[in-house]
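Colleague: what follows is a predicted structure for the sequence shown.
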Amino acid sequence: MIDARDLRKRFGHHEVLRGVSLSVARGEVVAVIGPSGSGKSTFLRCLNHLETIDGGQITIEGEVLASTDAQGHCRYPAEAQVRRICAKTGMVFQHFNLFPHLTVLENLIEAPLVVQGVARDVAVARAEKLLDKVGLSAKRDNYPARLSGGQKQRVAIARALCMEPDIMLFDEPTSALDPELTGEVLRTMRELAQEHMTMLVVTHEMGFAREVAHRVAFMDGGELIEQAPAAEFFAQPRHARTRAFLQSML
Ligand SMILES: Nc1ncnc2c1ncn2[C@@H]1O[C@H](COP(=O)(O)OP(=O)(O)OP(=O)(O)O)[C@@H](O)[C@H]1O
Ligand SMILES: [Mg+2]
């Protein structure tokens, strides 16, 4: 579903991604962990074109989003094609990014109406189903300011799902939340995984990575240091940097 090869990204002289390769199969849940500043968010942002890459190749469901020619020039297809490919992925951010001036329902239907051109009654029906799924039907007509952090994040997940993506990207969805609110968001994510949603999750939640992810990847200093099936990753980390990081997380 996602195939990232040798991704390179610089901000000025700072090489933030130094040849990162990772693929995610259909229905697979992959957790990405690593210290602050290691490039995890940048990697996710490149996958749905919130950042452009300086080198490498990104393929989403068999379609090339970005590639690099023999001269090292990075190419993207035409804008409409980029938008179509990026619509296959939905993204959830640490800070929810809900529209404060729209109700919960309006937050969910905004993009389907405006971007997908879906009929209003279809979008509303879809949104109501998703609000029920994340347990927030009662908040349908509330504004985000009236919700807890955990509720906001569940709305953000429902909003991403409302675009019917095939792949969900999560960037530390619980790190702005208190522990008790973290649980309800992780529960929603676990349910999505059980429904075989393809998920790439940047997280500091080692419990979630261990229990829900099929595979765990460790990034440090702009490189993907190692990846392995979750049980193996935690039981036998191969690299000293991975071991040191896992120690620091205990
Ligand atoms: N827009 C930007 N301009 C310049 N530098 C940036 C930009 N975005 C990120 N960086 C730098 O790139 C590096 C990687 O950042 P990134 O946000 O990807 O790390 P991260 O692994 O997600 O960290 P965290 O766990 O703190 O979220 C950092 O050194 C950061 O300062
Ligand atoms: Mg980050």
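Modeller: Here it is on my side, so go on. Numbers count the residues shown, from 1 in each chain. Ligands and ions are numbered 1, 2, ... in the order given.

Colleague: three-state assignment of residue 176?
Modeller: Assigned with DSSP: H, G, I helix; E, B strand; the rest coil, residue 176 falls in the coil class.

Colleague: enumerate every residue touching it.
Modeller: 94-96, 149 (C-beta atoms under 8 Å, 6 or more residues apart in numbering). All C-beta atoms are positioned from the backbone trio N, CA, C, and that covers glycine.

Colleague: can you flag which of those belong to helices?
Modeller: Secondary structure defined by DSSP state H assigns residue 149 of the contacts of residue 176 to helices.

Colleague: now, of the contacts of residue 176, which are buried?
Modeller: 94, 96, 149 (16 or more other C-beta atoms under 10 Å).

Colleague: how about the residue nearest to residue 67 when sequence neighbours are not counted, what does it touch?
Modeller: In space, and not counting its chain neighbours, residue 67 is closest to residue 57: 4.7 Å by C-beta to C-beta, 6 or more residues apart in numbering. Shown in contact with residue 57 (C-beta under 8 Å, 6+ apart): 3-6, 64, 66-68.

Colleague: can you tell me which of the buried ones among the contacts of residue 176 is closest to ligand 1?
Modeller: Lowest distance from ligand 1 to the buried ones among the contacts of residue 176 (C-beta to the nearest ligand atom) belongs to residue 94, with 7.5 Å.

Colleague: look up phi and psi at that closest one.
Modeller: phi -60, psi -40 (degrees, to the nearest 10).

Colleague: same question for residue 105.
Modeller: Residue 105 has phi and psi values of phi -60, psi -40 when expressed as degrees, to the nearest 10.

Colleague: residues contacting the residue nearest to it when sequence neighbours are not counted?
Modeller: Leaving aside its sequence neighbours, residue 105 sits nearest to residue 140 (C-beta to C-beta, 6+ apart; 4.8 Å). Residues near residue 140 by C-beta under 8 Å, 6+ apart: 103-105, 128, 131.

Colleague: now tabulate these in JSON lines and tack on secondary structure, pLDDT and distance to ligand 1.
Modeller: Below are these laid out as JSON lines (DSSP: H, G, I helix; E, B strand; the rest coil; pLDDT from 0 to 100; distance: C-beta to the nearest ligand atom, whole Å):
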{"residue": "103", "secondary structure": "coil", "pLDDT": "97", "distance to ligand 1": "30"}
{"residue": "104", "secondary structure": "helix", "pLDDT": "97", "distance to ligand 1": "27"}
{"residue": "105", "secondary structure": "helix", "pLDDT": "97", "distance to ligand 1": "31"}
{"residue": "128", "secondary structure": "helix", "pLDDT": "97", "distance to ligand 1": "33"}
{"residue": "131", "secondary structure": "helix", "pLDDT": "96", "distance to ligand 1": "29"}
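
Colleague: all strands of this structure, in order?
Modeller: Using DSSP state E, the strands of the chain run over 2-11, 14-24, 29-33, 55-60, 63-68, 74-75, 89-92, 167-171, 198-202, 215-220, 223-229.

Colleague: what residues does this structure put near ligand 1?
Modeller: Contact residues (C-beta under 6 Å from any ligand atom) of the chain with ligand 1: 11, 16, 34, 36-42.

Colleague: now, which of the residues you listed sits nearest residue 202?
Modeller: residue 40 (4.5 Å; C-beta to C-beta).

Colleague: okay, and the beta partners of the closest residue to the closest one other than its chain neighbours?
Modeller: In space, and not counting its chain neighbours, residue 40 is closest to residue 202: 4.5 Å by C-beta to C-beta, 6+ apart. Counting by DSSP bridges, residue 202 is bridged to residue 32, residue 171.

Colleague: about what we covered before: okay, the buried ones among the contacts of residue 176 in JSON lines with pLDDT next?
Modeller: Formatted as JSON lines, the buried ones among the contacts of residue 176 follow (pLDDT from 0 to 100):
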{"residue": "94", "pLDDT": "89"}
{"residue": "96", "pLDDT": "86"}
{"residue": "149", "pLDDT": "92"}
